[in-house]
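> Could you look at this predicted model? Sequence included:
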Amino acid sequence: MKALALLLPVLAWSPIVTAQNDSLVSSIPQCAQSCLATAIVAAGCAPANQTCICTNIQVQKETEDCVIRSCPIRQALTTKNITATACDVPVRVKGDMIRVSNIVLSVVSALAAVTRIVHKQMFSAASLGWDDYFIIAALVSGIPPIIIVDRGSIPNGLGRDVWTVPHESITNFVHFVYTMEILYFLQNALIKLSLLFFLLRIFPKPIIRKLIWAAVGFTALWGVASVLAGIFQCHPISFYWKSWDHETPGKCININALNWSNAIISILLDIWMLAIPLYEVSHIQLSWRKKLGVACMFFVGTFVTVVSALRLQSLVHFATSRNPTWDSTDIIYWSNIEQNVGIVCACMPAIRVMLVQMFPRILGSRRGTTRQYGSGYDSRKTRMGGDASAMSNLSTKDIARPNNVHTISYSKTFDVQHQNADSDERALFEMQVYGDRRTPQTRNSSTSEISLQLR
């Protein structure tokens, strides 16, 4: 938070004098009064010319440099607030935008995750896997930031100019930023682990699984390292939210470098996780139409990568920010979009399975045979009734028998349960494993009738 030392240009003070507002004049810190007077004279503005004083770039720059050199942070902020008020600078507030986007996106991602889990538990024979557990953990870890933004960050200055925020609220605001930073690192890693375990569920090829497992190990280590680095980035820890006024002793690592490195690694992992399924889809035996559909489903994940890049851009801008409570809104805004869209993308395959079951004629497969890739996402084999199943009665009684009066008659009846034609779509997409072809096992139930007849 050392960026607080670089305030936005402090405006002139002469309008206060001409307005004869003694209370405001007396509240201007002594260290700033000479800076303001010197800047006005140097710019050649008449003392009564409020327009010149408030809009002259030279006055702004010289006042800024002087106040930063001469005044402590708290007094510099006070000076900025007084002069901005005197120059009728509009009070900017965009906390409501952050609040609305935070709540709406969180509700959407929660609905996607709950739909995924409920469908799998109640309407699918498939059991919950590690990908489901990690998405639940990601959803739970995203609850505190929702509350913090709404009840903590916004009331303490988020979306407002820093000089309009009470000094005690600035300390609280930075404390909330610290907490949300750690939770962001945690949730980001959990979402990526959920996606990686989902890829393990559907891709059986050994070399691909090794690559995915390597990514799982790296992501887990990266997540733990990021969280620990976020917690202990300052010594003492409280120095993070108390250092903004430069009055508390302590030290921190390069906080900007920590956030930049985390964001860059996150983007690279997104690209890696996108490349694996797209490469596999390009090599499967599948019609171009279905390849396109599957690729589009995975390509939605590129939106998360784009958002991550936009968040990284806001981090770079924030590193030189002179108005952190205002400029941090972009970071929180893009972080919120990134995390919630990530959860939705992780749930899209499960939602597609559900939609195929609900609208089989629109989204289902028209093929009569089933070919699965790996274990699939919903690889259950269910007994179908009516026209979804068929009964085959096979008997050996009609086989030519020898004309011997002493014969043995053997009769066996088979119930053959045929896989539903749309089950390949429920397994995400229909394909055959190249390099490791396997035929899915179809469950058969059979009853035998054996009769011995002596003639």
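Arrived safely.
> show me what contacts residue 130?
193-194, 197, 200 (CB atoms under 8 Å, 6 or more residues apart in numbering). C-beta: built from backbone N, CA, C; applies to glycine.
> run the last query once more with 6 Å
Residues in contact with residue 130 (CB atoms under 6 Å, 6 or more residues apart in numbering) are residue 197.
> ok, now how distant is it from residue 91?
49 Å (CB to CB, to the nearest Å).
> Ok, residue 117 next?
Taking CB to CB, one finds residue 117 at 44 Å from residue 91.
> okay, these two: which has more neighbours?
Taking neighbours as other CB atoms under 10 Å, residue 117 and residue 91 compare with residue 117 leading, 17 against 9.
> So for that one, what's the pLDDT?
Looking at residue 117, its pLDDT is 90.
> Once you drop chain neighbours, what's closest to it?
residue 132 (6.2 Å; CB to CB, 6 or more residues apart in numbering).
> since we're on the residue nearest to residue 251 when sequence neighbours are not counted, how many residues are nearby?
In space, residue 251 comes closest to residue 235 once its chain neighbours are excluded; the distance is 5.9 Å by CB to CB, 6+ apart. Residue 235 has 12 neighbours, counted by other CB under 10 Å.
> For stretch 260-267, buried residues please.
262-263, 265-267 (16 or more other CB atoms under 10 Å).
> can you list the residues that contact it?
188, 226, 305, 308, 312.
> Give me the helix or strand of this protein that scores worst on average pLDDT.
helix 423-426 (a mean of 38; mean pLDDT, DSSP states H and E).
> thinking again about what came up before, that's a strand at the residue nearest to residue 117, yeah?
No - counting by DSSP: H, G, I helix; E, B strand; the rest coil, residue 132 is not part of a strand but helix.
> For it, the count of nearby residues, please.
Residue 132 has 23 nearby residues by other CB under 10 Å.
> nearest residue to residue 35 other than its sequence neighbours?
Per CB to CB, 6+ apart, closest to residue 35 is residue 66, 3.5 Å.
> Can you give me the distance of that neighbour to residue 144?
42 Å.
> And residue 260, by the same measure?
The spacing between residue 260 and residue 144, counted by CB to CB, is 24 Å.
> next one: residue 54
42 Å.
> the more surrounded of the two?
Neighbours around residue 54 and residue 144, counted as other CB under 10 Å, are more numerous at residue 54. The numbers are 20 against 16.
> which sections of this protein are below the confidence cut-off?
1-26, 47, 283-301, 361-455 (pLDDT under 70).
> Please enumerate the strands of it.
Using DSSP state E, the strands found in the chain span residues 234-235, 251-252, 408-416, 444-452.
> what about residue 108, neighbour count?
Quick note: residue 108 (other CB under 10 Å) scores 14 neighbours.
> Then residue 155?
By other CB under 10 Å, 13 other residues sit near residue 155.
> Return the distance of it relative to residue 67.
Taking CB to CB, one finds residue 155 at 28 Å from residue 67.
> Check residue 76 too.
From residue 76 to residue 67 the distance is 5 Å (CB to CB).
> again, but for residue 271
Residue 271 is 45 Å from residue 67, where distance means CB to CB.
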